[in-house]
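Asker: This is a predicted model, with the sequence first.
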Number of protein chains: 2
Amino acid sequence: MKNVYFIGVGLIGGSLALDFKKNNPNMIIHGISRKDTTLNEAISLNLIDKKATLDDISNADLVIVSIPVDATVNLLPTILDKIPDTGLVVDAGSTKDAICKIVENHPKRRNFLAAHPIAGTEHSGPSAAFSGLFDRKTIIICEVEKTAFKLQEKALKLFTEIGMRVRYMNPEAHDKHIAYMSHLSHISSFMLGKTVIEKEKNERDIFDMAGSGFASTVRLAKSSPEMWTPIFKQNKANVVEILDDYIQNLIKFKEFMEADDFDEIYNEMKNTNHIKDILKGIA
Amino acid sequence: MKNVYFIGVGLIGGSLALDFKKNNPNMIIHGISRKDTTLNEAISLNLIDKKATLDDISNADLVIVSIPVDATVNLLPTILDKIPDTGLVVDAGSTKDAICKIVENHPKRRNFLAAHPIAGTEHSGPSAAFSGLFDRKTIIICEVEKTAFKLQEKALKLFTEIGMRVRYMNPEAHDKHIAYMSHLSHISSFMLGKTVIEKEKNERDIFDMAGSGFASTVRLAKSSPEMWTPIFKQNKANVVEILDDYIQNLIKFKEFMEADDFDEIYNEMKNTNHIKDILKGIA
């Protein structure tokens, strides 16, 4: 894994590049991006060694694709076309079903590993990248059996070296569970931000009253719409289903309040408190 | 302010006690609680110097009330009855209207300061207390003009010494804005936890997929139902109103998704992104 190309050098790509290079000082990190300014920024931040273009990946040992998931679906067949027979392409998208489907019949399917490293912050772009982002985080691998064994092995070594634990899942299960565990949180947070901003639009001073609780709950509303719109689009069915469950639970809570049934309000909260134990070690 | 009594020695009372004592080593911190085990815990954690009972406050210079807001409403008139004419009572409740109303005609109204220090974590009890919790946080004071000036002055010195910035507000405005900035976040978080736990109840392994985003958004679902049920009860009208707005925004988001209107989904997120600038310095 000498010549490594990062298509997308933002939070995820840039952070992976930093950690890969740390463990493998001889690796040459090439950056590819739509915008030259992004590449210049990535170079000045020491995320990448060199700028490159898509045509350069004909000598790639490894290509990491960390761009919005709609761009991944569009570009992935071309990327596979261009890499050598010995190369591996790994994507880092937050959806897996559409991405796996687009290459299911590609002649180089065995040169592709579908991955989702579950890590990130609400920030984006090269300046958001940092070393250590993936330490003790989970990486989901889908359809592992469809990737050439030797290539899997090399990639998983890179990911476990930087502290990730590996879990295997099929793409449909990934997309369903990630809707619950990640996509819903983003919507709840965006709509919380929207609701409060609408109410307080003439009283900006009032945000002095925001405590750390509000800040933590609304944090994901800082996330990139460019990244998240295609995720919601590709995972529409699962997201709509869980969003509807969430809305129904909120309506029930409101109805208990309107009916002055504060015993039930208490129970609703008490029964959810064990999220403490479930999340032990994550937060 | 030599003899200071804390009624409630949990997260808020205990943390205030630690910081007050740090700045005023001669202060004698007395703890009052329904449960003797809580007081023993507070003593062993060095939050308080001595155990006390309600009858002891006849020599209090200062009484800090940090217990659930329903208990505050019940107990506050008795507390005011028992303190000396030179004493001051400060409450730390997350609602202010019901608390101010219950003592509005009390003969010792000028010995009471209605306060809400906006700080906390999702943890509760004496073991959750820590020094520094209030540093650079806001304390809202209501109806300041109803408190004797010399007593206000002494209390505000204590609060500013530990790093708090003081804001003044009437109780109705406090309860309205705090519903938006704090109470709603707790409900969104509790219901997020509930929704995901219900979906994943047979697949606990799946919580491996939880990233820091989910953890941050669901953090407040670890909060104490004993503390929060009476808050929602006392602030019912404001909470129901903002909760309804939140539900309507979520429904609209879901409808945009169902209609495949991802341009609007993008706009919804883009328009909320400036929460970044609004929250600068808080998170």
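Answerer: Structure's in. What do you need?
Asker: what about whichever residue of the stretch 1-150 of chain A sits closest to chain B, how many neighbours?
Answerer: Residue of the stretch 1-150 of chain A nearest chain B, by C-beta to the nearest C-beta: residue A:118 (4.5 Å). (Glycine included, C-beta is placed from N, CA and C.) Taking other C-beta atoms under 10 Å in any protein chain shown as the neighbour definition, residue A:118 ends up with a count of 22.
Asker: Next up, phi/psi of it, please.
Answerer: Recorded main-chain torsions at residue A:118 are phi -90, psi 90, according to degrees, to the nearest 10.
Asker: OK, contacts around it?
Answerer: Residues counted as contacts of residue A:118 (C-beta atoms under 8 Å, 6 or more residues apart in numbering or on different chains) are A:137, A:138, A:139, A:140, A:178, A:182, B:209, B:210, B:211.
Asker: and the first one, how far is that from residue A:147?
Answerer: In this structure, residue A:137 lies at 21 Å from residue A:147, with C-beta to C-beta, to the nearest Å as the measure.
Asker: and residue A:84, how far is that from residue A:116?
Answerer: As judged by C-beta to C-beta, residue A:84 and residue A:116 stand 25 Å apart.
Asker: Same question for residue A:56.
Answerer: 26 Å.
Asker: what about these two, which has more around it?
Answerer: Comparing residue A:56 with residue A:116 by other C-beta under 10 Å, the one with more neighbours is residue A:116, at 25 against 15.
Asker: how about that one, what does it touch?
Answerer: Under the contact definition (C-beta under 8 Å, 6+ apart), the residues listed for residue A:116 are A:92, A:93, A:94, A:96, A:139, A:140, A:142, A:174, A:178.
Asker: run the last query once more with 10 Å
Answerer: When contacts are counted by C-beta atoms under 10 Å, 6 or more residues apart in numbering or on different chains, residue A:116 is found next to A:91-96, A:99, A:138-142, A:167, A:169, A:171, A:174-175, A:178, A:182, B:209.
Asker: just residue A:70 next, same as before
Answerer: Under the contact definition (C-beta under 10 Å, 6+ apart), the residues listed for residue A:70 are A:93, A:95, A:98, A:226, A:227, A:229, A:230, A:231, A:233, A:234, B:262.
Asker: Let's see which of the contacts of residue A:116 end up in strands.
Answerer: Secondary structure defined by DSSP state E assigns A:91, A:138, A:139, A:140, A:141, A:142, A:167, A:169 of the contacts of residue A:116 to strands.
Asker: For the residues you listed, give me a markdown table that also has pLDDT, neighbour count and distance to chain B.
Answerer: Formatted as a markdown table, those follow (pLDDT from 0 to 100; neighbours: other C-beta atoms under 10 Å in any protein chain shown; distance: C-beta to the nearest C-beta, whole Å):
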| residue | pLDDT | neighbour count | distance to chain B |
| --- | --- | --- | --- |
| A:91 | 98 | 28 | 17 |
| A:138 | 94 | 19 | 5 |
| A:139 | 96 | 21 | 11 |
| A:140 | 97 | 22 | 7 |
| A:141 | 98 | 22 | 13 |
| A:142 | 98 | 23 | 13 |
| A:167 | 95 | 16 | 6 |
| A:169 | 95 | 21 | 9 |
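Asker: any idea how far residue A:41 is from residue A:48?
Answerer: Computed as C-beta to C-beta, the residue A:41 to residue A:48 distance reads 10 Å.
Asker: mind listing the helices for chain A?
Answerer: For chain A, the helices defined by DSSP state H cover A:11-23, A:36-44, A:69-82, A:97-102, A:149-161, A:171-178, A:184-199, A:212-218, A:225-234, A:236-258, A:262-270, A:275-278.
Asker: Out of these, which gets nearest to residue B:131?
Answerer: Residue B:131 lies closest to helix A:212-218 among the helices of chain A, at 16.1 Å (C-beta to C-beta).
Asker: right, quick check: the closest one against chain B, any contact?
Answerer: Yes: with C-beta under 10 Å from any C-beta of the partner chain as the criterion, chain B is reached by helix A:212-218 at A:212, A:213, A:214, A:215, A:216, A:217, A:218.
Asker: most neighbours, which of those residues?
Answerer: For the residues of helix A:212-218 next to chain B, the largest number of neighbours (other C-beta under 10 Å) sits with residue A:218, at 32 neighbours.
Asker: hang on, the earlier thing: could the helices of chain A go into CSV alongside mean pLDDT?
Answerer: Rendered in CSV, the data for the helices of chain A read as follows (pLDDT from 0 to 100):
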stretch, mean pLDDT
helix A:11-23, 97
helix A:36-44, 98
helix A:69-82, 98
helix A:97-102, 98
helix A:149-161, 97
helix A:171-178, 96
helix A:184-199, 96
helix A:212-218, 92
helix A:225-234, 97
helix A:236-258, 98
helix A:262-270, 98
helix A:275-278, 85
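Asker: I'm done for today, thanks for sticking with me.
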